[in-house]
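Novice: Kindly return the folded structure for what I paste below:
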Amino acid sequence: MNLFQSAEQKKQRKHIEHAIFQVKYARRMKDDLITAEIRDRLWQLQVDLKAHLKSKHYAEGVALADNASALARDVHPAPRKAYALRENVEVIVVVLAVALGFRTYFFQPYQIPTGSMQPTLYGITAQAEYEPNWTDKVPVRFGKFLLTGSRYKSIEAKAAGVMPGSQFWKSADTYYVINIGGKNHKIHKDMIFEQEPSAENNWHAILNPWFPEPGTRVQKGDVIAKGLLKQGDHIIVNRVSVNFVRPSRGNIVVFSTTGLPLVRANSAYIKRLTGLPGETISIRDGRLIVDGEVVDEPWQFERQYEDENYSGYSNPSPQIYARYHTAPLFADPSSELLLGEDEFLMMGDNTYHSLDGRYFGGVPAKNIIGTGVFVPWPFFNRGIHDDKAGFVY
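Specialist: This next block holds a predicted model:
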């Protein structure tokens with residue numbers, strides 16, 4: 001009997017507590033719309049219900065709780081037993097709105113798609129000469145991806161057909177889209193080429209041994225590409241400081257491509273700021289020259305010249321300029337670029353594989369989105385140097 005009474009009292013207590021929640025919620029949500037009389041009634045119901053809880057007169061409070069719930073539903077209608085759900089949904093909406101606002105105006109994450117900033121920042125890369133092991137099997141592979149951003153990927157032909165010539169491949173950043181048998185296959189360039197075509201090798205390419213030569217007949221299910229695919233760094237960008245302070249030389253900057261030639265419109269690039277408004281820029285012997293002087297400060301530029309993992313600054317070859325159908329800006333050591341009073345020059349740290357200001361010139365100040373400060377993911381083994389997540393310089 002006592003056990004039954006205890007269970008019944010618990011039920012009554014919860015009923016009263018729920019009524020208090022409904023009254024508080026209705027009063028809070030409609031406070032500026034209800035009359036003073038209704039507001040006072042809700043408040044008094046809340047006080048009376050709490051008094052029943054405190055005195056543990058649960059049975060006497062049940063009827064009052066029913067009346068309170070009825071009034072609360074009249075003031076702020078909601079489906080039966082849906083007040084908690086409704087409040088949670090509203091809280092989630094508010095949290096999302098705050099998060100989106102924070103992302104838009106303060107700090108925003110970006111993914112690095114290409115290798116133009118390596119080894120400072122790693123784009124999406126693939127290690128073709130890789131044999132899968134136990135770390136690439138379920139469920140361990142999920143943990144491996146979470147920690148390192150790496151996963152083994154084998155691409156099979158979706159349909160039978162003939163491998164088209166490279167002139168029919170569509171390039172998208174570090175990927176190629178290749179149509180075989182009417183089906184598109186998105187394949188990372190490192191899974192295709194043992195030696196990628198470039199001006200340095202006269203645009204001569206060497207395919208990986210397992211990749212089908214153009215004109216080869218491919219059967220559905222054939223493995224045409226494979227390797228360890230590594231996700232590009234995800235970087236947090238500070239969007240606040242550029243509204244108050246002009247970015248400095250050496251900063252890693254994210255900027256909009258709007259209005260810039262040769263690049264995708266309405267996109268965002270990330271490069272290092274190398275030239276400031278009004279300066280005259282040139283490149284000689286792998287060094288950055290500003291107004292006739294070698295730039296060696298901040299220390300990132302000395303690293304660019306001396307560190308074996310960096311290759312300095314390169315003058316693009318005539319073949320590269322011809323590929324983009326543009327007039328040379330830094331074709332030789334005597335070439336100079338005078339930046340406008342509202343222009344900044346951006347270059348990749350890996351200038352041998354970077355479409356940057358050496359081609360499209362200065363970037364207007366209005367295009368600057370923010371400065372890169374931190375890589376939160378992948379946590380470690382981001383690239384070939386076993387880099388870890390952290391601040392970037």
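Novice: Can you name the next helix or strand after the helix-or-strand element of the chain with minimal mean pLDDT?
Specialist: Ranking every helix and strand in the chain by mean pLDDT, DSSP states H and E puts helix 83-105 at the bottom, with a mean of 55. Using DSSP states H and E, the helix or strand that follows helix 83-105 in sequence is strand 107-111.
Novice: Settle this for me: Ser166 is touching Pro212, isn't it.
Specialist: No. Ser166 lies out of contact with Pro212 (CB atoms under 8 Å); the separation is 11.8 Å. No exception for glycine: its C-beta is placed from N, CA and C like everyone else's.
Novice: ok, the two, which is more surrounded?
Specialist: Pro212 (18 against 15; other CB atoms under 10 Å).
Novice: Tell me how many other residues crowd the residue nearest to that one when sequence neighbours are not counted.
Specialist: Nearest residue to Pro212 in three dimensions, chain neighbours excluded: Met163, at 4.3 Å (CB to CB, 6 or more residues apart in numbering). Taking other CB under 10 Å as the criterion, the count of residues near Met163 is 23.
Novice: Now do the contacts for Met163.
Specialist: Counting by CB atoms under 8 Å, 6 or more residues apart in numbering, Met163 touches 178, 180, 212-216, 218, 224.
Novice: Tell me the buried residues within these.
Specialist: With neighbours counted by 16 or more other CB atoms under 10 Å, the contacts of Met163 contain buried members at 178, 180, 212, 218, 224.
Novice: and which of the residues you listed is nearest to Lys158?
Specialist: For the buried ones among the contacts of Met163, the residue nearest Lys158 by CB to CB is Ile180; the value is 7.2 Å.
Novice: how much space between that closest one and Ala159?
Specialist: 6 Å (CB to CB, to the nearest Å).
Novice: Just name whatever secondary elements the longest helix seen in the chain is in contact with.
Specialist: Counting residues, the longest helix in the chain under DSSP state H turns out to be helix 2-29. Counting contacts by 3 or more CB pairs under 8 Å, 6 or more residues apart in numbering; DSSP states H and E, helix 2-29 is packed against helix 36-55, helix 58-75, helix 83-105.
Novice: coming back round to it: ok, of the contacts of Met163, which one's closest to Asp349?
Specialist: So of those, ranked by how close each gets to Asp349 (CB to CB), first place is Ile178, at 29.8 Å.
Novice: is that closest one in a bridge, and if so with what?
Specialist: His185 (DSSP bridges).
Novice: ok, now which ones touch it?
Specialist: 163-164, 168-170, 184-185, 187.
Novice: of these, closest to Asn315?
Specialist: So of the contacts of Ile178, ranked by how close each gets to Asn315 (CB to CB), first place is Trp169, at 28.3 Å.
Novice: quick one: low-confidence parts of the protein?
Specialist: Residue ranges of the chain with pLDDT under 70: 1-5, 78-107, 199-200, 381-386.
Novice: Mind telling me which residue is nearest the centre of it?
Specialist: Nearest residue to the geometric centre of the chain (CA atoms, centre = their mean): Tyr110, 3.2 Å.
Novice: now the nearest residue to Gly361 once chain neighbours are set aside, what's its secondary structure?
Specialist: The shortest distance from Gly361 to any non-neighbouring residue, by CB to CB, 6+ apart, is to Leu329 (6.2 Å). In three-state terms, and counting by DSSP: H, G, I helix; E, B strand; the rest coil, Leu329 is coil.
Novice: all strands of the stretch 151-300 of the chain, in order?
Specialist: 161-162, 170-172, 175-180, 183-188, 193-195, 206-207, 217-218, 223-230, 234-238, 252-256, 268-275, 280-284, 287-290, 293-294 (DSSP state E, counting those that start in this stretch).
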